[in-house]
Structures are given as C-alpha cells and as structure tokens.
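K.L.:
predicted model follows, preceded by the sequence.
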Amino acid sequence: MSDSASSFSGRPLRRRSFLRVAGATAASSALLLAGCGDDDSSTVAPTTNTLTFANSNTGLLNYAYLLEQLEAAFYQKVVDAFPPDFTAEDRAAFLDLRDHEVIHRETLKFALGSSAYDTSLGETPLAFDFSSFTLTSRAGVYAAARTLEDVGVAAYNGVGKLLLATNDNSHVMYLRLLAKIASVEARHAAFVRDQQQANSFAGADVVATSGSFAGLDTVKTPVEVVALIAKYVPIPLDASLLPTT
C-alpha cells in the first residue's frame, strides 16, 4: 500500500505515518531504558490463585505490562483468523495495531527485566479469554478493539501520577515511557472508534463533558481497570496494593 491516504470505511488514514508513531516510541524507549535502574528488587509474580501487584513502581509497570500483553494477544487472535468481511485495508491496519502492541509489550518486559511478573511462568504465557467478544465479523472485531483500547487509554491516564519518586529518578524515565505508550494507545482508540462509528473518537463516553476535567479523556484507577479486564485474564487479579495517589 502506498503512503497516500487510503480509505477505511470512508475515513482516511495514512498508514505509514501511523506506523511511524510506534517506531519512534520503540526507538526512544530503548534509548531511555538503557540507563534505567530498578526502583526496588521485588518481583511481582502470581501466587497460586491470584496475581497481586506490589505497592511500588515495579507493581505499576507490571500492571501496564499485563495490559499490553492482553492487547497484543487480542490483536494476534484477530490477525490469526480475520473475519470474512474484513477489507484489505482492515487487515493491514490490524497488522499495524498488532505490531504496535507487541512493541509496547516487549518494551515494558525489557524495562522490568527479572521483575516481570511472568518470569516464573517460563515459556508459558497467560491464555487470555476473548470468548465474550464476537470476532467473526468486522463489526464485532472493531467493537472489541474499541472496548480494549478505551480501557487502555483510561488506564494510562490514571497510572502516571501514581509513580513513586525514587532517589535515582528512575520514576521520571518510567513516566516518559508510559507517556509515549499512552500517546500511541490514544491514537489506536481514536482510529478504531472512528472506523466503527464516524466522529466517535471523542465521544461523551470517553471524554468528560462537565466538571474540572471537561474536555479531557476519562481516567480509571488500577482497581477499576482490573475489574474491567478480569474476565479476559485466566487468574484473579489484585490491584489493591498499588499506589493510589
């Protein structure tokens, strides 16, 4: 496909420019993390029954890492079996979206190192459950993508302010990393919402219409997000120990 604007259900999108956003994020994140230290040495690992996120920046990064694993797994599932009414443009877009989420997942995994919650799981990743979605039609896939992207954006909007200050200032680098990822996730959400329903990218369901945050994207706490994604994750989640202010 050329770099010229292509039509997605009547909505133009420059795919190569869209992909550059994720490429820039990955490159800058790699440079950023090269000298990044750990805020603590605790490893957040699933217990027998529950994945509990620690009260630390490591816990917050693991929380973001799980979100990226979830999104990457979703897009991989779609790419593995595109619905029959997907257009060539839809397929190309979802390949891009899958690649972006894999970049985010692997960047956070690199940042966490041995503190990644799933280190103890070895080569067996969590098997996410997307059975509540209808992935056999274009409408169903875009609705599912919209749901996950909206949750992801709200989650990133709420996580940055929770980072704990550290003596080595690693929290500042973590904040920059999360902000870069959040920017791409917001583009994802705007894109899939606009494909599903034209001009819905700033709908009242995701943008506050009153109060001091009027005009801004919604914000969700880790506890709220965990409740929303619990049905997709094969083990119980506990975000109650994560920082709240």
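P.N.:
On my side now, so go ahead.
K.L.:
quick one, what contacts the residue nearest to residue 162 when sequence neighbours are not counted?
P.N.:
Spatial nearest neighbour of residue 162, excluding adjacent residues (CB to CB, 6 or more residues apart in numbering): residue 243 at 4.3 Å. C-beta here means a position set from N, CA and C on the backbone, and glycine is covered the same way. Neighbour list for residue 243: 55-56, 59-60, 162-164 [criterion: CB atoms under 8 Å, 6 or more residues apart in numbering].
K.L.:
and residue 156, how far from residue 109?
P.N.:
Using CB to CB, to the nearest Å, one obtains 17 Å as the distance from residue 156 to residue 109.
K.L.:
neighbour-wise, which of the two wins?
P.N.:
Each of residue 156 and residue 109 has its neighbours counted (other CB atoms under 10 Å); residue 156 has more, 23 against 16.
K.L.:
would you confirm that the more buried one contacts residue 178?
P.N.:
Yes: using CB atoms under 8 Å, residue 156 is in contact with residue 178, at 6.2 Å.
K.L.:
pull up the overlap in contacts between those two.
P.N.:
Common contacts of residue 156 and residue 178 (CB under 8 Å, 6+ apart): residue 64.
K.L.:
list the contacts of the residue most central in space within the chain.
P.N.:
Closest residue to the average C-alpha location of the chain: residue 68 at 4.3 Å, with CA atoms, centre = their mean. Applying CB under 8 Å, 6+ apart to residue 68 gives the contacts 101, 104-105, 108, 181.
K.L.:
biggest separation within those, which pair?
P.N.:
101 and 108 (10.8 Å; CB to CB).
K.L.:
for residue 75, grab phi and psi.
P.N.:
Residue 75 adopts backbone torsions of phi -70, psi -30, taken as degrees, to the nearest 10.
K.L.:
tell me the predicted confidence for it.
P.N.:
Predicted confidence (pLDDT) at residue 75: the value is 97.
K.L.:
which residue ranges of the chain form helices?
P.N.:
Under the criterion DSSP state H, the chain contains helices at 15-33, 57-80, 88-112, 138-159, 170-196, 222-229.
K.L.:
could you dump these into a markdown table with distance to residue 121 added?
P.N.:
A markdown table is the format used below for the helices of the chain (distance: least, CB to CB, whole Å):
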| stretch | distance to residue 121 |
| --- | --- |
| helix 15-33 | 22 |
| helix 57-80 | 11 |
| helix 88-112 | 12 |
| helix 138-159 | 22 |
| helix 170-196 | 23 |
| helix 222-229 | 18 |
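K.L.:
mind listing what residue 77 touches?
P.N.:
Neighbour list for residue 77: 130, 135 [criterion: CB under 8 Å, 6+ apart].
K.L.:
er, residue 62 I mean
P.N.:
Counting by CB under 8 Å, 6+ apart, residue 62 touches 44, 53-54, 112, 115-117.
K.L.:
CA atoms only for stretch 174-184, dumped as CSV, please.
P.N.:
Taking C-alpha atoms only, stretch 174-184 is exported to CSV below (Å, rounded to 0.1, in the frame of the first residue of the first chain):
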residue,chain,number,x,y,z
TYR,A,174,9.2,5.5,33.7
LEU,A,175,6.8,8.3,33.3
ARG,A,176,8.3,9.3,30.0
LEU,A,177,8.0,5.7,28.8
LEU,A,178,4.4,5.4,29.9
ALA,A,179,3.5,8.7,28.3
LYS,A,180,5.0,7.6,25.0
ILE,A,181,2.9,4.4,25.1
ALA,A,182,-0.2,6.3,26.1
SER,A,183,0.1,8.6,23.1
VAL,A,184,0.1,5.7,20.7
